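Engineer: Quick one, fold the following:
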Amino acid sequence: MSISHYDPLAALPAGFRLFEDAVTRMLSEPRGARPWSPDVDILETENELVLKADLPEVKLEDIEVRVEHDTLSLKGERTFEKEEKAKGYHRIERSYGSFSRSCTLPDSVDSEQVRAAYKNGVLTVTLPKKEAAKPRQVKVEVKG
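Structural biologist: Sure, this is the predicted structure:
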């Protein structure tokens with residue numbers, strides 16, 4: 001006869017297991033706001049690199065974009081604004097607090113010409129390439 005491990009929660013519905021997982025995750029996280037980091041897409045074209053960061057409900061004055069020593073840094077904060085009219089939250093899953101993202105820029109980027117724009121909760125940072133790094137077409141004559 002083999003010995004098996006008894007799990008008293010195994011017979012409960014799957015919904016309870018999801019609840020148990022959420023509570024366990026909540027209790028294992030540090031107190032206060034969960035750390036968060038915005039999602040980022042980076043696109044490269046012939047002439048530039050474009051970084052887009054999702055920053056919903058982050059005020060423009062709470063965003064800092066900096067280029068130093070070939071490193072692009074994004075910093076900011078999303079604050080939790082509890083309305084006094086609300087009776088009470090049933091669930092809070094979104095993260096709040098300070099964030100910071102950094103990435104090393106390739107040598108091909110002209111760090112003097114970096115531009116940033118913020119619209120509808122999306123930060124777009126445009127990093128133009130140096131002229132020497134842009135692809136160019138050379139016509140080749142074939143003699144034969």
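Engineer: Now do the helices in the protein.
Structural biologist: Secondary structure of the chain by DSSP state H: the helices cover 14-28.
Engineer: Poorly predicted segments of it, please.
Structural biologist: Scanning the chain for pLDDT under 70 picks out 1-2, 4-34, 82-87, 133-135, 144.
Engineer: Mind jotting down where the strands sit in it?
Structural biologist: For the chain, the strands defined by DSSP state E occupy 40-44, 48-54, 63-68, 71-78, 97-104, 115-119, 122-128.
Engineer: Nearest residue to residue 60 in space, please, no chain neighbours.
Structural biologist: Distances taken as C-beta to C-beta, 6 or more residues apart in numbering place residue 118 nearest to residue 60, at 5.3 Å, with adjacent residues excluded. (C-beta placed from N, C-alpha, C; glycine too.)
Engineer: could I get the strands of the chain as CSV with distance to residue 143 and mean neighbour count?
Structural biologist: CSV is the format used below for the strands of the chain (distance: least, C-beta to C-beta, whole Å; neighbours: other C-beta atoms under 10 Å):
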stretch, distance to residue 143, mean neighbour count
strand 40-44, 36, 12
strand 48-54, 37, 18
strand 63-68, 47, 14
strand 71-78, 47, 17
strand 97-104, 45, 13
strand 115-119, 45, 12
strand 122-128, 38, 18
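Engineer: And the ones you listed: which comes nearest residue 3?
Structural biologist: strand 97-104 (46.8 Å; C-beta to C-beta).
Engineer: Partner strands of the closest one, with direction?
Structural biologist: Sheet pairing of strand 97-104 (DSSP bridges) gives strand 71-78 (antiparallel).
Engineer: Centre of the chain to the strand it pairs with, how far?
Structural biologist: 10 Å (C-alpha atoms, centre = their mean, to the nearest Å).
Engineer: for stretch 57-73, same thing?
Structural biologist: Offset of stretch 57-73 from its chain centre (C-alpha atoms, centre = their mean): 13 Å.
Engineer: ok, and what's touching that stretch?
Structural biologist: Applying C-beta atoms under 8 Å, 6 or more residues apart in numbering, the external contacts of stretch 57-73 come out as 51, 55, 74-79, 100-105, 107, 109, 111, 114, 116, 118, 121, 123, 125, 127.
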